[in-house]
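Q: Predicted model and sequence below, questions to follow.
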Amino acid sequence: MYQVIEDSKHGYKRLDPLPTIEQVEKYYKEDFYSETNPAFNDSSLDVQQKDKVFFDSRWERIYQVCNEFIGDLTNKKIYDIGFGYAQALIYFKEKGLACSGIEPSEEGVEYANSKGITNGKIGGIEEESSYASEDKQDVVLLINVLEHLRTPFETLVNIRKHLIANNGLIVIDVPNEYNTFQTIANEEYNLKDWWIAPPKHINYFSPSSLESLLNQAGFEVVKREASFPIELFLLFGDVYIGDGKLGSACHKKRVQFEYLMRKHGQEKKLNELYEAFASLELGRQIVMYAKPVLHHD
């Protein structure tokens, strides 16, 4: 039986005891991409293709921020850790970046190859040897990955030491768990900590605990944003937990909100809103951009 504790060394919340390596590997090799997996999975190819406009808006925002800090991204190297069905890499390849990455599942790598991402490899995300022989990368993506790892701190250190260029950016996107809207809904409707999902999710981050972890691993955060706080719908009375149809309807409203903001020329205001949400520790996802601190060790 798992409980959630605060990691005594690094300060973020995590499962205790940690799932074994065998449990985690079994889950990702056999269950994560399974068509019979009943859980909503952002890594599902079908989900991403049906909601392409929404996902492409995520990749476009990452492109904008990286361009802001790095400059012209044409021919820059981007490396996606745990790239799944490579939808982000496919998007960035069309933008002119040199794309590569690592993915534990053979299925994901084969799909990437079929779409022209030929520098994707099968490998263990938490193994230092996975990155030792790679070229230095201008952008490193960890999209919905860090919450799944048994050793997130050590993985970040390996990335800093072996993978990312001195002037590169790491982009981390993780769920924002235990946020205020979430905990209020949990208490109001007795939803039984629905976001705790072992062994799929091992770690549970807030913006402040994620930034602290990055600092400890030798990174300096240069920008942090959140995504739309979809738990607001729970506080409105739309209790979508366990109700896929209602959850889909709430998601569509979120997408419509973002679409209209951009359509009417208010993308800058939208981005500022999501930065403000992050500063308040609110929002469904945390998106954090950080650069390596030279001579950290």
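A: Yep, it's here.
Q: ok, now which ones touch the closest residue in space to Val239 that isn't next to it in sequence?
A: Leaving aside its sequence neighbours, Val239 sits nearest to Tyr189 (C-beta to C-beta, 6 or more residues apart in numbering; 5.5 Å). Using the backbone N, CA and C atoms, a C-beta is placed for each residue, glycine as well. With contact taken as C-beta atoms under 8 Å, 6 or more residues apart in numbering, Tyr189 is in contact with Leu234, Val239, Ile241.
Q: ditto for Asn203
A: Tyr12, Lys13, Arg14, Leu15, Leu146, Glu147, His148, Leu149, Pro152, Val174 are the contacts of Asn203 under C-beta under 8 Å, 6+ apart.
Q: For this structure, which element, helix or strand, carries the lowest mean pLDDT?
A: helix 21-26 (a mean of 79; mean pLDDT, DSSP states H and E).
Q: quick one on the thing from earlier: next one: the residue nearest to Val239 relative to Leu210, how far apart?
A: 27 Å (C-beta to C-beta, to the nearest Å).
Q: try Pro229
A: For Pro229 relative to Leu210 (C-beta to C-beta), the value is 17 Å.
Q: And what about the nearest residue to Gly218 once chain neighbours are set aside, helix, strand or coil?
A: Nearest residue to Gly218 in three dimensions, chain neighbours excluded: His296, at 3.4 Å (C-beta to C-beta, 6+ apart). Assigned with DSSP: H, G, I helix; E, B strand; the rest coil, His296 falls in the coil class.
Q: And His296, its phi and psi?
A: For His296, the backbone dihedrals (degrees, to the nearest 10) come out as phi -60, psi -40.
Q: And for Asp193?
A: phi 50, psi 50.
Q: so it makes contact with Ala185?
A: No. Here Asp193 does not reach Ala185: they are 11.0 Å apart, not a contact under C-beta atoms under 8 Å.
Q: Of these two, which one has the most company?
A: When Asp193 and Ala185 are compared for neighbours, Ala185 comes out ahead with 21 against 13, by other C-beta atoms under 10 Å.
Q: Could you point out the helix or strand that follows the host helix or strand of the more buried one?
A: According to DSSP states H and E, Ala185 maps onto helix 180-189. Proceeding N to C from helix 180-189, the next assigned helix or strand is strand 203-204, under DSSP H and E.
Q: Quick one: mean pLDDT over that next one.
A: Mean pLDDT, strand 203-204: 98.
Q: Tabulate the contacts of Tyr189 (a markdown table), appending distance to Met288.
A: Output for those, formatted as a markdown table (distance: C-beta to C-beta, whole Å):
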| residue | distance to Met288 |
| --- | --- |
| Leu234 | 25 |
| Val239 | 30 |
| Ile241 | 26 |
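Q: got a winner among those residues for most neighbours?
A: That'd be Leu234 among those, by other C-beta under 10 Å, with 21 neighbours.
Q: So that one, which state does it fall into?
A: Going by three-state DSSP: Leu234 is helix.
Q: what is the closest residue to Asn113 other than its chain neighbours paired to in the beta sheet?
A: Spatial nearest neighbour of Asn113, excluding adjacent residues (C-beta to C-beta, 6+ apart): Gly120 at 6.8 Å. Beta-bridge pairing of Gly120 under DSSP bridges involves Gly101.
Q: just checking, Gly120 touches Ala112?
A: Yes. Using C-beta under 8 Å as the test, Gly120 is close enough to Ala112 to be in contact (4.1 Å).
Q: Quick check: neighbours shared by those two?
A: With C-beta under 8 Å, 6+ apart as the test, Gly120 and Ala112 both reach Phe83, Ala86, Leu89, Gly101, Glu103.
Q: Could you say which helix or strand holds the first one?
A: Read that as Phe83. Assigned by DSSP H and E, Phe83 falls outside every helix and strand.
Q: Let me know whether it touches Ala112 as I believe.
A: Yes. Here Phe83 reaches Ala112: they are 6.6 Å apart, a contact under C-beta under 8 Å.
Q: Determine the residues that are contacts of both of these two.
A: Common neighbours of Phe83 and Ala112 (C-beta under 8 Å, 6+ apart) are Leu89, Gly101, Glu103, Gly120.
Q: Widest-spaced pair of the residues you listed?
A: Greatest spatial distance among the shared contacts of Phe83 and Ala112 (C-beta to C-beta): Leu89 and Glu103, at 9.9 Å.
Q: Pull up the overlap in contacts between the two.
A: Phe83, Ala112, Gly120.
Q: where exactly do the helices run in this structure?
A: Secondary structure of the chain by DSSP state H: the helices cover 21-26, 45-50, 52-70, 87-94, 106-114, 129-132, 152-162, 180-189, 207-216, 232-236, 244-263, 267-279.
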